[in-house]
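Okay, here's the prediction I keep looking at, along with the sequence it came from:
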Amino acid sequence: MTTKERTISLTHPGCFYIDGQWMPASSTDAFDVLDCSTEQVVARVARADAAAGARAVDAARRAFDHGPWPRMTPGERAVYLEKIARRLEEANDDFARGWSIESGILHRIAQPRIGQFLGAAFRQYAQMASTHPFVESRRSLSGHQAYGVKEPVGVVLAIVPWNGPAALTAYKVAPALLAGCTVVVKPSPEAPTSAYLFAQICDEVGLPPGVINVVTTERDVSEQLVRHPDVDKITFTGSTAAGRSISAAAAGRIARLTLELGGKSPALVLDDYNIEAAAQQLGGAYFGYLSGQVCHSLTRIIVPRAKHDAMVEALSDIARKMVPGDPFDDATTIGPLATARQRENVERHVTKGIAEGATLAAGGARPRHLERGFFFEPTVFGNVDNRSALAQEEIFGPVLSVIAADSEAHAIDLANDTIFGLNAAVFTHDAQHALGVARQLRAGTVGHNASRTDFSIGFGGFKQSGIGREGGAEGLDALLESKTVVLDQPLA
């Protein structure tokens, strides 16, 4: 790509989108947005201080308490969702380019994935306007006419991470809008541009003032937003450590929460499944998609002990053949990590894994021929102790651990022996058996012969992988409050 093509064009980078307008920042403080392949600054966006964050919440509060949005019917709100979906589809290339520049995903993967998630999320929820049970007729124990009503939870703070900012914004905001909520979007400082592009679209389609607000800020202001008494609901995607802090802050005022947190997801390769075939699914797909910077990645590969060495070698062969480089180059098969800090975190875990006695079979270092960019080699460890830090801590980078199991029951125990429970997979040619094993795994999603997470159905985790679900009908219900209305007289 040319230098011009590697820039990110934003209409109002020095502003915040608050109350239906672009408000200039009160200072020159800004975040530099880096191209993670070159370490060059490609954009600068305004840094919100506490006052700007408070203005965003105030605007959302007024829009909810006094504006038209919560008082529209779901069908009327769905019209706006359809308009947003069309504009998102038209802006597909802008979102995909920004994703590759900020987070390192291969551009040829980013383009269809953006198309798969953004417009589809808004269209799915627009369709739910006519199918979701917002009002249900019931009969009370006393025989009175009653209604079960679902109403918007109120002002929503949507905190979006850097690894999949556009899609995760869509699955937080689309159901909130259909529900009748107003929203403050807080993107990551490392990857804020998709939120700005989204705000531009909301402005173009004419959402009422205050329904969508966007401010990019640091952790201290984010914490103030979480604690703000006018924020009714927080939906957060990020690390388990940050989720614990948010949960503690919200508990003091009983704020509603949806937390999609970390993972250390297992893949159980059963004895009947071919090791080479499993390795292709687990290795190439994992390394090549966002360089392992995905919360639901299958990073613990649990195999029969007799097949441990074969799996290590198969994954290592895939790792050695991966081509790190520019995400916009068709020859590249693995892009960079998003930030220097993230690469340093991966390096610390690799060092720790070696110290713990695991066998480094492939990778484990920065590519020598790439002097710029946050690159790290695809890495495979064998002989990993399931209780080691390497197997228990989320790394968020291109590192796979192979763990030997003595039996299928042992494999299930190993899979469940973690604080996390986000995703899992079972590799076997017997679908009925796969279902039986899946029912024994403590995870929010279990795929058969691949990672098969699906936001259109619902996504979230067990244990410390989170609270609640995003996507599907459950994702909508998480943004609604249930009310029972019992009438003394039947309606005329």
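Perfect, thanks for sending it. Numbering: from 1, shown residues only.

check contacts around residue 33.
Counting by Cβ atoms under 8 Å, 6 or more residues apart in numbering, residue 33 touches 8, 41-45, 101-102, 190-193. All C-beta spots, glycine's among them, are computed from the backbone N, C-alpha and C.

what about the strands in the stretch 301-450 of the chain?
If DSSP state E, counting those that start in this stretch is used as the criterion, the strands of the stretch 301-450 of the chain fall at 359-362, 379-382, 399-405, 423-427, 445-448.

ok, back up a step: most neighbours out of the contacts of residue 33, which is it?
residue 192 (31 neighbours; other Cβ atoms under 10 Å).

Domain parsing of this protein, as residue ranges.
The record's domain parsing of the chain by automatic domain parsing lists 15-261+466-484, 265-457.

okay, the ones you listed in JSON lines with distance to residue 491 and mean pLDDT next?
Formatted as JSON lines, those follow (distance: least, Cβ to Cβ, whole Å; pLDDT from 0 to 100):
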{"stretch": "domain 15-261+466-484", "distance to residue 491": "7", "mean pLDDT": "97"}
{"stretch": "domain 265-457", "distance to residue 491": "36", "mean pLDDT": "97"}
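
Let's have these in a markdown table, adding distance to residue 492.
Shown next, in a markdown table, are the domains of the chain (distance: least, Cβ to Cβ, whole Å):
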| stretch | distance to residue 492 |
| --- | --- |
| domain 15-261+466-484 | 11 |
| domain 265-457 | 41 |
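
ok, back up a step: and of the strands of the stretch 301-450 of the chain, who's closest to residue 150?
strand 445-448 (25.2 Å; Cβ to Cβ).

Which helix or strand lies directly C-terminal to the closest one?
Counting by DSSP states H and E, the next helix or strand C-terminal to strand 445-448 is strand 466-467.

Could you list the residues in contact with that next one?
243, 247, 257-261, 422, 444, 460.

follow-up on the earlier one: so can I have a markdown table of the contacts of residue 33 showing distance to residue 436?
Output for the contacts of residue 33, formatted as a markdown table (distance: Cβ to Cβ, whole Å):
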| residue | distance to residue 436 |
| --- | --- |
| 8 | 48 |
| 41 | 53 |
| 42 | 50 |
| 43 | 50 |
| 44 | 54 |
| 45 | 50 |
| 101 | 44 |
| 102 | 42 |
| 190 | 42 |
| 191 | 40 |
| 192 | 45 |
| 193 | 45 |
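
Take those residues and keep only those in helices.
101-102, 193 (DSSP state H).

and of the residues you listed, the nearest to residue 359?
So of the ones in helices among the contacts of residue 33, ranked by how close each gets to residue 359 (Cβ to Cβ), first place is residue 102, at 34.3 Å.

Quick check: nearest residue in space to that closest one, chain neighbours excluded?
In space, and not counting its chain neighbours, residue 102 is closest to residue 191: 4.0 Å by Cβ to Cβ, 6 or more residues apart in numbering.

Tell me how far that neighbour lies from residue 169.
10 Å (Cβ to Cβ, to the nearest Å).

thought residue 31 was touching residue 192?
Yes: if you go by Cβ atoms under 8 Å, residue 31 and residue 192 touch, sitting 6.6 Å apart.

which neighbours do these two share?
45, 216.

Once you drop chain neighbours, what's closest to residue 187?
residue 195 (3.7 Å).

Tell me the one of the contacts of strand 466-467 nearest residue 229?
Closest to residue 229, out of all of those and judged by Cβ to Cβ, is residue 257, at 15.3 Å.

how about the helices in the stretch 301-450 of the chain?
308-321, 340-355, 389-392, 408-416, 431-438 (DSSP state H, counting those that start in this stretch).

Save those helices as a markdown table, and put in mean neighbour count too.
Putting those into a markdown table (neighbours: other Cβ atoms under 10 Å) gives the following:
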| stretch | mean neighbour count |
| --- | --- |
| helix 308-321 | 21 |
| helix 340-355 | 17 |
| helix 389-392 | 20 |
| helix 408-416 | 18 |
| helix 431-438 | 14 |
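
Minimum distance to residue 68: which of those has it?
Using Cβ to Cβ, the nearest of those to residue 68 is helix 340-355, at 42.4 Å.

Tell me which of the contacts of strand 466-467 fall in helices.
Going by DSSP H, the helices hold 243, 247 from those.

which residues does the residue nearest to the spatial centre of the chain contact?
For the chain, the residue nearest the mean C-alpha position is residue 168 (4.9 Å; Cα atoms, centre = their mean). Residue 168 makes contacts with 160-161, 237, as judged by Cβ under 8 Å, 6+ apart.

Backbone dihedrals for the residue nearest to residue 401 when sequence neighbours are not counted, please?
Nearest residue to residue 401 in three dimensions, chain neighbours excluded: residue 384, at 4.1 Å (Cβ to Cβ, 6+ apart). Torsion angles at residue 384 (phi, psi; degrees, to the nearest 10) stand at phi -90, psi 130.

go on, residue 114?
phi -60, psi -50.

Touching, it and residue 96? I think so.
Yes: if you go by Cβ under 8 Å, residue 114 and residue 96 touch, sitting 4.6 Å apart.

neighbour count winner among these two?
Neighbour count, other Cβ under 10 Å: between residue 114 and residue 96, residue 114 has more, with 27 against 23.

how close does the more buried one get to residue 90?
Counting by Cβ to Cβ - residue 114 and residue 90 are separated by 12 Å.

cool, residue 424 as well?
Distance from residue 424 to residue 90, by Cβ to Cβ: 37 Å.

With residue 31 instead?
27 Å.

Neighbour count for those two, which is higher?
The neighbour comparison of residue 31 against residue 90 (other Cβ under 10 Å) goes to residue 31, with 21 against 11.

Reduced to three states, what does residue 489 come out as?
Of the three states, residue 489 takes coil according to DSSP: H, G, I helix; E, B strand; the rest coil.

Just grab the bridge partners of the closest residue to it other than its chain neighbours for me.
Excluding the flanking residues, the one nearest residue 489 by Cβ to Cβ, 6+ apart is residue 145, at 7.8 Å. Beta bridges link residue 145 to residue 139 when assigned by DSSP bridges.

could you list every residue that touches residue 145?
137, 139, 486-487, 489-491.

my read: residue 242 touches residue 234, true?
No: Residue 242 lies out of contact with residue 234 (Cβ under 8 Å); the separation is 11.4 Å.

For those two, indicate the residue with more neighbours.
For residue 242 versus residue 234, the count of surrounding residues by other Cβ under 10 Å is larger for residue 234: 25 against 18.

in its sheet, what does whichever helix or strand the more buried one is part of sit against?
Following DSSP H and E, one finds residue 234 within strand 233-237. Strand 233-237 pairs in its sheet with strand 155-159 (parallel), strand 256-260 (parallel), by DSSP bridges.

Could you check the angle the next helix or strand after the first one makes with strand 155-159?
On the C-terminal side of strand 155-159, the closest following helix or strand by DSSP H and E is helix 165-179. Regarding helix 165-179 and strand 155-159, their directions subtend 170 degrees when assessed with axes from the mean of the first three to the mean of the last three Cα atoms, to 10 degrees.
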